[in-house]
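Trainee: Quick one, what's the 3D model for this:
(chains A and B)
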Amino acid sequence: MIFARGLTKVYGDFIAVDGIDFEVRKGEAFGLLGPNGAGKSTTMKMIASVSKRTGGDLTILGLDPNKRGPEIRAHLGVVPQQDNLDRELKVHENLFVYGRFFGLSRKFLKNKVEELLEFAQLTEKRNNKAEELSGGMKRRLTIARGLVNEPEILMLDEPTTGLDPQARHILWDRLFRLKEQGVTLVITTHYMDEAEQLCDRLIVMDKGKIMAEGSPADLIKRYASKEVLEVRFGSSRNIEIAEQIAHLGHRTEVLPDRILIYSDNGDADLQEILKLGLEPVTSLVRRSSLEDVFLRLTGRTLVE
Amino acid sequence: MTSTASIEKSVHSSKWQGSLNLVNVSRARNLAWLHVAEARIRNMLKWWTSIAAFSLGNPVLYLFSVGIGIGALVDKNGGSAQLGGVSYLTFLAPALLASAAIQSFQEEMSFPIMEGFEWDKSFFAMNSTPIQGVDIVNGLLASSTVKTVVTVGIYESVLLGFGAINVGVALPMFLSALLSGVAFGSVMMAITSFIKQDDGFFAIVGRFIIAPMIMFSGTYYPLESMPFYLQWAGWISPLWHATDLGRVISYGSPQQSWVVISHWVYLSIWIVVGLGLGYRQVSKRLAA
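Mentor: Sure thing, here's the model as predicted:
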C-alpha cells in the first residue's frame, strides 16, 4: 500500500525527514512513534500526499504522490492532529460537505452521514454547530469525517489525544474492526499503550531517522528486557547505591528519583538488593513496555 | 449509556465498500471547484438575513441621501451639463453598482480566506480530499460570484426602481459591474492568501484602499474634474474603469473606443494576474 525508499524532506537547511525506508502492507496497522520534531508529522503529510518529498521514492497505492496527489487522496481518510472542522456548519453538514469533496452522491451521503453520526455518538448533536461541541466531540466528528469515503488507508495523527478513556477504548475497538475489514491504518501516537494495542508494526523515529522497526513485542524483546525493577532510595542516595548494584540485570539506569534495573527476573534482583543490606523506600517490578523502548531509543531529554 | 450498543449496530449494519469502489475520482476532480463553492455557499447561507438586509438597505439609504439629496443640488445648479446631460442619479448609478460588486467580493476574499488557512483551517481539510489549491480558488471565486449576482441584482433592482437606469441596459451594466468585482476579488484573493495574521490588515484595506478608491475613481464627479496629477488614482483603480464603462453602457457617455476597450483589457489583466498569483500561493501554502 505504501512504499518508501530513502524518503527525504528538506525545508531550507533543515532536514525534517532524512532518507527513511519503510513499507506498509494492506490491512496492516502501522505506527509512527517518536518525540516531537522527530519527523512523524512531516512523514504523515508526505503519505497524505499534500507535502511533496524532496528526495527518495514514495508510492501510495502504487502511485507517486508528487504527481497524482488528488487521485491518491481520494482513497485516504485523514484525521489530522488538530481538528479542522468547519465551525460555522452544523455537525451533520460537516460530514455531508466533506463527503461531497470526494464527489459522493447526495443520496449515498444521506445514509452515510446518519451512520457516521451514530458511530461518533453525535446523533443528538447533529444540528449543533461544530464550534459548539466539546473537545472530545470535535475529535470524534473529525474521525468520523475521515471515514466518509470508506478509505483504503486511514491516517490518524494522534487520534486519541484529548479523548476520555471510554472514548479511547471505543475508538480502538472501531479501528480494530476497520482493520479486520481490510482497511490499512497509519497511526502516530504519544501513547505507548495505544501503539501496543493497535499497531502490528511500527517505526520509532528520532531526528528524521528511523531508530528501530518491528512489532511492539519484537521491539520490547530487542531493546528492553523482560522486566523492569524500579527502586527508590531517595534522591540523594540513588547515584551512590546505583554503583553498588550495577552488576544486576542487563542494564541499570539512574534517574533523579529512582533506579531502573532492566532484567529478566526483577524479583530475584530485588532479593539481591535486600541481601546487600540495602533497603529501598519503594520497589516495583513490572513488565517492560514500549515506553521503555521508546525512551531508550529517543532519550529522556525533553523535546520542546 | 446506549453508546456502545449503538456503535455495535453501526459497525454491523454498514456495508464497507471501500473507496476504490465508492469514489469516482474523475467525477470528484471535475466537479472539485463546484464542491468547494457548495461548501462556501452553505457557510454564507448562515448569514443570509444580514447579507439580504445589507444589500437592500445599503442602496436604498445611499440613493436617498446622495443620489436624491445631493442630486437635487447638482441638478438645480446646472451640473447636468458637465455630467453629459444626464441627472446626477443616472451619472452616479454605474459607479454605485460597480462599487457594490467590488465590496461584495472584498468581503468574500478576506475573512473567509483567513478562516480557511488560519482560523479553522478548513482549506487543509479540503486539501486532504481530491481537492487542490486551484479548485479552492475557483470555488471561492464561483461562490463569491453567486453571492455578488444576488446582492448586485438586488442593488440594480433598487436602481431601476429609482429610475436611475433603464431596463434596456440593465443586463450589460450588471455584467460590467460583475466584471469589476471579479477583477478586484481575484487580486484581493491573491493578496489575502499571503496574510498569516489579521493584525488589522483588513481594516487597513477598508480604510486606505477601498474608501480612497471610491473617492478617487470618478464616482461622485467625473475623473476629469480632478487635477490632472491626481487622475492617475482613477486610472489604476478597477472601479474607475468599471464606472466609466458602465456610463458608456448606461447613457452612452461619450468615450473613445480605445478607452472602452482598455477598460475591458485592464479589468481582465487584474483577473489574470490575481488568479495566477493566487493559484500559486494557495497551492504553496497548502503544501507547506
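Trainee: What about the residue in chain A that chain B sits nearest to? Give its phi and psi, please.
Mentor: In chain A, the residue that lies nearest chain B is A:Gly103 (3.1 Å; C-beta to the nearest C-beta). All C-beta spots, glycine's among them, are computed from the backbone N, C-alpha and C. The phi/psi pair for A:Gly103 (degrees, to the nearest 10) reads phi 70, psi 20.
Trainee: Excluding sequence neighbours, find me the nearest residue to it.
Mentor: In this structure, A:Gly103 finds its nearest non-sequential neighbour in B:Ala28, 3.1 Å apart by C-beta to C-beta, 6 or more residues apart in numbering or on different chains.
Trainee: Neighbours of that neighbour, how many?
Mentor: 24 (other C-beta atoms under 10 Å in any protein chain shown).
Trainee: Surely it touches B:Gln132?
Mentor: No: counting by C-beta atoms under 8 Å, B:Ala28 does not reach B:Gln132; the two are 10.9 Å apart.
Trainee: what do these two both touch?
Mentor: A:Pro70 (C-beta atoms under 8 Å, 6 or more residues apart in numbering or on different chains).
Trainee: returning to what we had before: assumed the residue nearest to A:Gly103 was part of a helix.
Mentor: Yes: assessed with DSSP: H, G, I helix; E, B strand; the rest coil, B:Ala28 lies in a helix.
Trainee: Model confidence for it, exactly?
Mentor: Note on B:Ala28: pLDDT of 94.
Trainee: Same check on B:Leu277?
Mentor: 97.
Trainee: contacting residues around the residue nearest to A:Gly103?
Mentor: A:70, A:74, A:101-103, B:35, B:129-130.
Trainee: closest to A:Arg286 among the residues you listed?
Mentor: Nearest to A:Arg286 among those, counting by C-beta to C-beta, is B:Thr129 at 44.1 Å.
Trainee: quick one: that closest one from chain A, how far?
Mentor: As for B:Thr129, its distance to chain A is 4 Å (criterion: C-beta to the nearest C-beta, to the nearest Å).
Trainee: can you check B:Tyr62 too?
Mentor: Applying C-beta to the nearest C-beta, the value for B:Tyr62 to chain A is 29 Å.
Trainee: Wait, that residue touches B:Leu96, no?
Mentor: Yes: with contact defined as C-beta under 8 Å, B:Tyr62 reaches B:Leu96; the gap is 6.4 Å.
Trainee: Same drill for these two, tell me which one is more crowded.
Mentor: B:Leu96 (27 against 18).
Trainee: ok, whatever helix or strand that one lives in near chain A or not?
Mentor: Element membership of B:Leu96, judged by DSSP states H and E, is helix B:88-108. No: using C-beta under 8 Å from any C-beta of the partner chain, helix B:88-108 never reaches chain A; the gap is at least 14.1 Å.
Trainee: Closest residue of chain B to chain A?
Mentor: Counting by C-beta to the nearest C-beta, chain B gets nearest chain A through B:Ala28, at 3.1 Å.
Trainee: Can you report how many residues neighbour B:Val265?
Mentor: For B:Val265, the neighbour count with other C-beta under 10 Å is 11.
Trainee: cool, A:Gly234 as well?
Mentor: 11.
Trainee: pLDDT score assigned to the residue nearest to it when sequence neighbours are not counted?
Mentor: Leaving aside its sequence neighbours, A:Gly234 sits nearest to A:Val281 (C-beta to C-beta, 6+ apart; 6.0 Å). Looking at A:Val281, its pLDDT is 86.
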